[in-house]
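**Q** Sequence first, then the predicted structure, then my questions.
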Amino acid sequence: MATDDTAFAGSIPEFYDRFMVPLIFDCYARDMARRVAAVRPRRLLEAAAGTGAVTRAMSAALPDAEIVATDLNQAMIDHVAAHHPAAGRVQWQQADALALPFGDASFDAVVCQFGAMFFPDKVKGYGEARRVLKPGGSYLFSVWDRISDNEFADVVTQTLARMFPDDPPRFLARTPHGYYEPDRIRDDLTAAGFRDISIESVDDVSDAASPRDPAVAYCHGTLLRNEIEERAPGGLARATDAATEALAEAFGTGKVSGRIRALMIAASI
């Protein structure tokens, strides 16, 4: 079955922004903004900005910096324009992180939160970041650790594997949680010409009002939705119900909390 792990379109951006961002992205967005502020860029580029969780955090932390935020998916950018007018001082545009439409040495820093996992060619993507950085510039990005260290995602993936044993939906394990080996990341960055590479594991907790929220987040707000609908047209509600039940069994029926872990990476040229 053909897969496209990059096309965030349709209603996915809405569910992504409403459920996924507060569930797992906001806490790391604040952490990333703090790290970016420490290098004091005057002009910075964000790749794979999604619906702007990091963008908004960086805008608050760096009120005098010029921020250019990009995403491969125009639907994500359109969602930001419609729902986050406060991001108006940021320059938004559609762009492929593997073919950035900017000149060499244009930015003091390049930032990418949880986007590098989606690059079909990691070295090429890192090479583009290096190309647009000024001498001495910083590349800061994050990736998710293995899926077993991210409990809600792991439970949802295991639940859907039981629903579809002949062809388990593997988007979460394959892509968001499929690029976590520090040695591989370091080798890819080195091949792209970066140096002074640091990789730090950062743990946090994902909180939700009920087990239904993470079930909806993952089943409706990620490309897991496409995999479910390909296997069972009209089966999205059934899959979401099954994920809700499994999360309730694992974490309780009221407010729920699950462990999450990411890798925060910094490199320079």
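**A** Perfect, thanks for sending it.
**Q** residue contacts, Phe140?
**A** Wrong residue type there; residue 140 is Leu, not Phe. 32, 35-36, 39, 109-112, 264-266 (CB atoms under 8 Å, 6 or more residues apart in numbering). For every residue, glycine as well, the C-beta is placed using N, CA and C.
**Q** mind redoing it with 6 Å?
**A** 35-36, 111, 266 (CB atoms under 6 Å, 6 or more residues apart in numbering).
**Q** beta partners for it?
**A** Beta bridges link Leu140 to Val111, Ala266, judged by DSSP bridges.
**Q** So for it, what's the pLDDT?
**A** Listed pLDDT for Leu140 reads 98.
**Q** Pull up the gap between it and Pro41, please.
**A** Distance of Leu140 to Pro41, given as CB to CB, to the nearest Å: 10 Å.
**Q** So the residue lying closest to Val205 once chain neighbours are set aside, which state does it fall into?
**A** Nearest residue to Val205, sequence neighbours excluded (CB to CB, 6 or more residues apart in numbering): Ser257, at 5.2 Å. What DSSP: H, G, I helix; E, B strand; the rest coil gives for Ser257 is strand.
**Q** What is the neighbour count of Ser257?
**A** Other residues within reach of Ser257, judged by other CB atoms under 10 Å, total 13.
**Q** Pretty sure it sits against Asp204.
**A** No: here Ser257 does not reach Asp204: they are 10.3 Å apart, not a contact under CB atoms under 6 Å.
**Q** show me where the stretch 151-269 of the chain has strands.
**A** In the stretch 151-269 of the chain, the strands defined using DSSP state E, counting those that start in this stretch lie at 195-208, 256-268.
**Q** okay, the angle between the last one and strand 195-208?
**A** Relative orientation of strand 256-268 with respect to strand 195-208: 160 degrees, computed using axes from the mean of the first three to the mean of the last three CA atoms, to 10 degrees.
**Q** Not counting strand 256-268 itself, show me its contacts.
**A** 24, 28, 138-145, 149-152, 189, 194, 196-208, 211.
**Q** Then the longest one?
**A** Contacts of strand 195-208 from elsewhere in the structure, counted by CB under 6 Å, 6+ apart, are 23-24, 27, 152, 182, 186, 189, 214, 256-258, 260-268.
**Q** Select only the buried ones of the residues you listed in ChimeraX?
**A** In ChimeraX syntax, the buried subset of the contacts of strand 195-208 is picked out as below (16 or more other CB atoms under 10 Å):
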select :23,24,27,152,186,189,214,256,258,260,261,262,263,264,265,266,267,268
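**Q** hang on, the earlier thing: for the strands of the stretch 151-269 of the chain, give me JSON lines that also has mean pLDDT and distance to Val68.
**A** As requested, the strands of the stretch 151-269 of the chain are exported to JSON lines (pLDDT from 0 to 100; distance: least, CB to CB, whole Å):
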{"stretch": "strand 195-208", "mean pLDDT": "97", "distance to Val68": "24"}
{"stretch": "strand 256-268", "mean pLDDT": "98", "distance to Val68": "20"}
